[in-house]
Each structure stands twice: as structure tokens, then as C-alpha cells.
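Engineer: attaching a predicted model along with its sequence, questions to come.
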There are 2 protein chains.
Amino acid sequence: MIDKLVEKIRKTGAPIEVGLDPMLSYVPDHIREKAFKEYGETLEGAAEAIWQFNKGIVDAVCDLIPAVKPQIAMYEQFGIPGIQAFKKTLDYCHEKGLLVIGDIKRGDIGSTSGAYATGHLGKAQVGSQLIAGFDEDFITINPYMGTDSVQPFIDVAVPEKKGMFILTKTSNPSSGEFQDRLIDGRPLYEWVAEKVVEWGSQYVGSCGYSYVGAVVGATYPEMGKTLRRLMPKTYILVPGYGAQGAKGSDLVNYFNEDGLGAIVNSSRGIIAAWKKEEYAAFGAEGYADASRQAVLDMIEDIQTGAGLR
Amino acid sequence: MIDKLVEKIRKTGAPIEVGLDPMLSYVPDHIREKAFKEYGETLEGAAEAIWQFNKGIVDAVCDLIPAVKPQIAMYEQFGIPGIQAFKKTLDYCHEKGLLVIGDIKRGDIGSTSGAYATGHLGKAQVGSQLIAGFDEDFITINPYMGTDSVQPFIDVAVPEKKGMFILTKTSNPSSGEFQDRLIDGRPLYEWVAEKVVEWGSQYVGSCGYSYVGAVVGATYPEMGKTLRRLMPKTYILVPGYGAQGAKGSDLVNYFNEDGLGAIVNSSRGIIAAWKKEEYAAFGAEGYADASRQAVLDMIEDIQTGAGLR
């Protein structure tokens, strides 16, 4: 899958992914009202609204980008109907040729990580059948519990040729509270990075990058520079662009000299573009076109800012 | 909810919770076959099997214990039907008067943690309605991303009078890889413990314990001793008993002098008791009675071993 991701990034010239993280407040009235009319003000109504909203955006941007990253929390907030909308979105993105990075940040003791891996990357054995539960192409993983909590994901991902991104240095303001603390003179995130390299070193695609990637926030460009150097064959998923504050020129450190090695996420900045002054002319009815324009602007900003051309 | 938990622990004399973490291999043939006959060898069939399996155990043990801890990964492995079985189990446990600790180990940037909190502890705003998605009483949380990833859970939990347990020192063999590393001479898990105390200090129930608890594995009793001392008002959820290796006498350090302050989890040791030589006489048909006997034995072992009487 890492090979497919790199191929798609090369083809589109867009080292970006759209974070399909819908809040009801991003959904234009006409979509929300139609969903509530059909299903009432229920979890089913909310789920229908975010699914229709997503579908419009996916239709509008799918030829421009290699991948999407739905954040499962935004679906879990609406209970089971929400998770059904997550699965529907995921399947639809696959239909449209997009790779799907499930932003699930799971991680647990071995047997439990194994169950998460089965559900999200692999197939469950049910009697004589092997059945995929969610079937993302990549997922995100939390490393706090160490190697035996990560290995089960690798064990499932490798035969499926799927991949993962391990939280290393996250984009949020408090990320330094534990991640930046010095251990033998080096911050915790560097020790995690070292493990990410170790975990992924055996599983390198023909593109030269490992199945095991890392998450490094765009909001810490100096740390990004160090981490890029420490993890040369690791694909870096970069959150924090746009609404969280980072811009194209902050991203120059995250790419390798081959112009590869990073994929930048934007969520709100793309999917709620129609609510920003900059794209207001599209109106609520044109929300998906606003997202398309925001993607085009983001590609331009990153290609220029990060010096990719 | 921490007050209700303490009240129930006092009433039952059982500072334990049953981990409802079903694997299909734990489910007796007669239940699995009936479910597959009705739904086929499908995710729905698997979900029906684990739900019926859970129901039998809950019926058999609900008068003995204060709480259950379903591990959501075991349900996510079967996709959406699996998560429906999670919700059905959760609701049924509530009907039977049990508290439910959702072992979900979530944690993310602020807005995303907020969405998880809404889905699992709070209520989503859908038009004019406020609707609960999953509605656990407590959940588990991963602290790797720091304060702003934890605070949204507190913000939702406090008005709902619900609670949480933050991973501090986990029970798995690799937990020391990052958690034990020394920062200014003290292991990371102690720095996390300090934050757990800080996060919970304002939210203490009338029982004297905070809404914000900690997870500390039974498999590291010396660390448990230190952490008990560092977090006197923090309820400790203790995994690692039974199948992971710890026994009653390892738990003495986790309780305060009031005989409270800890709740010990056992999953496999209880729900798959019928497969152990010790309880084989119950047979597959008597699997739930085997679980009941295993709960009684666990209560005895902990009360004696940890010196609670």
C-alpha cells in the first residue's frame, strides 16, 4: 500500500490527504435539513447528514488527491449510526480510487491490538470464512504501550500489504508535556522515532519507504527536521496544516530530497472551506466546489512553500 | 459515578470487574452453532455469538460484582455488527445494574478527544436533541498527547458525573519501553501519575476518590506501590490479574488502608474459565456457571491475598 500511496502522490503531484472529519456544524443547512426530514433529529439523521456531506466532497476532490483520512472519533460521536457512516464513507472512497487512512490511534496489550488490527486492516475468522470488518489501507497507532502493542498491527498489515503511521510527535499544543521530555539527553519523541525505524526496517516497499510510517505534526517544524533525518525511509503523516496553524513553508523539512516522504493532512481547512471568508462566494450549495478550490490552493501552497518544484 | 462504584464495591465486597472481551474461540459450540445457523458464517453471526455468550455470563455474575469492562477491540474486530454487540452488551449490563467501564483507550487532539468524549460519555447535539451514542459510565484514556488531549474527556465527564481511567503503567511486557524511561531521575509513568492527580484534583466524589482514575498493571507490584502512594485519591484500575500472571497477593500494594482505591480486572480468567482444567467439570453447557465460580474464587483470592479482611 505504501507503494500505491507513493505512486498516487507522484501521479497527482499532491502529497496531501483530506481529513474527512465532519462536524454537524460544517454541514450546509440543505443537507442537514434533508437528512433530518428523512430520519428525524436522531443519530441516524446526523449520520445521514455527514455521509451525504462527505460524499459531495469526495466526488469533488477525488481526482486531485491520493488519499483521505477519516477521523473515526467524528463518527463515533454519533454512536453506531455514526460508525456506519464511517464505513460507508470508507467504501465509497475506495470505489472512487482513493486510499483510506483510518485515523483511529489504537494501541493496547498484544491480544487486544491484534483484535483492532483484525478489524481495521485484516480479516476476522468466522467459522470457515475470513471477513474484513472495516478494511482501511492504513491506520494510525499510539505507541505508549511499547513494541508488543505495535507488533500485532505489523503482523496483520504485512501480509495484507497495508500500512500504519505511529504517533511520534503530535501536532497539539500539549504534545510536549510527555513527548518532549528528555531521556538520556534526547526527547521521548526521538526514542519513539528510533523504535518506528526498528519496527519498520524489515518491511520496505519497492518505493524505498517502509510500511511503518510516523505521525509528526506540522506545528513543530524544527522537530520535524530532526525526525526527517532520524527516519529517512519512514513516510511521515503530517497533521496540523491549515486550521491548526502550519503553512506550506513550514513543511519543507518533512520531505526528502526525492520530493517524497511526507503526506500532509488538512481537515477543517478543506471540508469546511465554504464557511471561510476566502471561499464564501461558493455559498452553502457550492460547499464541495469550495473544498475542491481549497485542495487546489493547498497543493499550490505546499508545492511552492515546501519547494517541491 | 465514582461514588456509585465505591458503593457497589462495598456492597458486593468485590473490588473486581469482569472483562467482557469475547473471542469466538471462548464461545461454546452450541452458542456459536446456533448463531451461525441463524445468521450464517458472517460478521452478524459472530456478533450474535459473542452477544449471547456475554449475556449468559452477565446473567450468571451480575449479583456478585460492581462492574464490567468490555474491551471494544474485541467487538471492533467484527466490524459494525461487532460494535452493535458491544452496545447491546453495554445496555444489558446497565439493565442488570452493573456499571460499565468502556475499555477504549482513546486520546487525540482537543476537538477529536471531544468527539470521543461525546460519543462514549456524553450526548451529541443533533438539531434540538441531545442523544447518547454509547453511554458508558467510565472509559479508559491514553495520555501520550498530554493535557489538551485529556481535558475534553473531563469536560464531558464531570457534568455527567462519569469517570475515566488514564493509562499510567500498563500491564504488558513491553510497557517499560517508554513508560519506565527516566526523566529527571523519575520514570515517565510517575510524571503521568502526577498529571493524573492534577487533572482529577478538582473532581473528587463524596467517597473521597476522584472522577479521574489511573490504569496500573498488576504485573508490576513494586511500581504499583509507588503509584498508590503518589496518587492517594485516585482509583486504580488494575489489569493483568489471572491470565496475564498476577495473583491476589500481588495486589496488596494497590489498595489504600480503607480497603478501597483499586478495582481489579480479569477477562480470560473469568469468561473462558470453562476451558480451564480447574473448571472443566462445568462443561460447555455450564460455561456461565464456570464463570460464576471463577468470580467467587477471584473474590476470595483477592480478599485474602490483598489482606482486605
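Structural biologist: Right, received. Where do you want to start? Residues are numbered from 1 along each chain as shown, chains lettered A, B, ... in the order given.

Engineer: and the stretch 151-300 of chain A, which of its residues are near chain B?
Structural biologist: A:167, A:170-179, A:181-184, A:188, A:191-192, A:195, A:239, A:244 (C-beta under 8 Å from any C-beta of the partner chain). Yep, even glycine has a C-beta here, placed from its N, CA and C like the rest.

Engineer: next, A:Arg186: phi, psi?
Structural biologist: phi -130, psi 140 (degrees, to the nearest 10).

Engineer: and it, how many neighbours does it have?
Structural biologist: 14 (other C-beta atoms under 10 Å in any protein chain shown).

Engineer: B:Lys195 versus that one, what's the distance?
Structural biologist: From A:Arg186 across to B:Lys195, the span is 21 Å (C-beta to C-beta, to the nearest Å).

Engineer: how about A:Cys93?
Structural biologist: With C-beta to C-beta as the criterion, A:Cys93 and B:Lys195 are 37 Å apart.

Engineer: who's more crowded, those two?
Structural biologist: Neighbours per residue, other C-beta under 10 Å: of A:Cys93 and B:Lys195, the larger number sits with A:Cys93, 23 against 20.

Engineer: do the helix or strand hosting the more buried one and chain B meet?
Structural biologist: Per DSSP states H and E: A:Cys93 is located in helix A:79-95. Yes: using C-beta under 8 Å from any C-beta, we find that helix A:79-95 touches chain B at A:Gly79, A:Ile80, A:Gly82, A:Ile83, A:Gln84, A:Lys87.

Engineer: the helices in the stretch 151-300 of chain A, which residues?
Structural biologist: Using DSSP state H, counting those that start in this stretch, the helices of the stretch 151-300 of chain A run over residues A:176-179, A:188-200, A:221-230, A:268-271, A:287-305.

Engineer: name the residues that touch the first one?
Structural biologist: The set of residues external to helix A:176-179 that reach it, using C-beta atoms under 8 Å, 6 or more residues apart in numbering or on different chains, is A:168-170, A:187-189, A:192, B:143-147, B:188, B:191-192, B:195.

Engineer: that one - what's its average pLDDT?
Structural biologist: Per-region confidence: helix A:176-179 scores 98 on mean pLDDT.

Engineer: just the buried positions in that helix, please.
Structural biologist: Judged by neighbour count (16 or more other C-beta atoms under 10 Å in any protein chain shown), helix A:176-179 contains these buried residues: A:Gly176, A:Glu177, A:Phe178, A:Gln179.

Engineer: can you lay out these as a markdown table showing distance to B:Gln303?
Structural biologist: Listed next are the buried residues of helix A:176-179 as a markdown table, based on distance: C-beta to C-beta, whole Å:
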| residue | distance to B:Gln303 |
| --- | --- |
| A:Gly176 | 44 |
| A:Glu177 | 38 |
| A:Phe178 | 36 |
| A:Gln179 | 41 |
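
Engineer: out of those residues, which is nearest to A:Gly200?
Structural biologist: A:Gln179 (19.3 Å; C-beta to C-beta).

Engineer: how close does the closest one get to A:Gly107?
Structural biologist: In terms of C-beta to C-beta, A:Gln179 sits 15 Å off from A:Gly107.

Engineer: next one: A:Lys233
Structural biologist: Distance check for A:Lys233 against A:Gly107: by C-beta to C-beta, it reads 22 Å.

Engineer: A:Ile183 now?
Structural biologist: 20 Å.

Engineer: and the end-to-end length of stretch A:68-75?
Structural biologist: 15 Å (C-alpha to C-alpha, to the nearest Å).

Engineer: what's in contact with it?
Structural biologist: A:17-23, A:47, A:50, A:54, A:58, A:82-83, A:85-86, A:89-90, A:93, A:98-104, A:237, A:265, A:267, B:106, B:108, B:112-113, B:115-116, B:119.

Engineer: rerun that using 7 Å as the cut-off
Structural biologist: A:17-23, A:82-83, A:85-86, A:89-90, A:93, A:98, A:100-104, A:265, B:108, B:112, B:115-116 (C-beta atoms under 7 Å, 6 or more residues apart in numbering or on different chains).

Engineer: so which of those sit within strands?
Structural biologist: Counting by DSSP state E, the part of the contacts of stretch A:68-75 found in strands is A:Glu17, A:Val18, A:Val100, A:Ile101, A:Gly102, A:Asp103, A:Ile104, A:Asn265.

Engineer: let me have those residues in a markdown table, adding pLDDT as columns.
Structural biologist: What follows is those, written out as a markdown table (pLDDT from 0 to 100):
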| residue | pLDDT |
| --- | --- |
| A:Glu17 | 98 |
| A:Val18 | 98 |
| A:Val100 | 98 |
| A:Ile101 | 98 |
| A:Gly102 | 98 |
| A:Asp103 | 98 |
| A:Ile104 | 98 |
| A:Asn265 | 97 |
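
Engineer: which members of those are the farthest-apart pair?
Structural biologist: A:Val18 and A:Ile104 (16.9 Å).

Engineer: settle it for me: which of these two has more neighbours?
Structural biologist: A:Val18 (29 against 25).

Engineer: follow-up on the earlier one: and among the helices of the stretch 151-300 of chain A, the most buried is which?
Structural biologist: helix A:268-271 (a mean of 24; mean count of other C-beta atoms under 10 Å in any protein chain shown).

Engineer: send the alpha carbons of that one over as PDB?
Structural biologist: The C-alpha coordinates for helix A:268-271 follow below in PDB (Å, rounded to 0.1, in the frame of the first residue of the first chain):
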ATOM      1  CA  ARG A 268     -11.300  21.700   8.600                       C
ATOM      2  CA  GLY A 269      -9.400  23.800   6.100                       C
ATOM      3  CA  ILE A 270     -10.800  21.700   3.200                       C
ATOM      4  CA  ILE A 271     -14.100  20.300   4.300                       C
END
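
Engineer: who are the packing partners of it?
Structural biologist: Identification of packing neighbours for helix A:268-271 by 3 or more C-beta pairs under 7 Å, 6 or more residues apart in numbering or on different chains; DSSP states H and E yields helix A:287-305.

Engineer: re earlier: so between A:Ile183 and A:Gly107, which is more surrounded?
Structural biologist: In terms of neighbours (other C-beta under 10 Å), A:Gly107 is the more surrounded of A:Ile183 and A:Gly107; the figures are 28 against 16.
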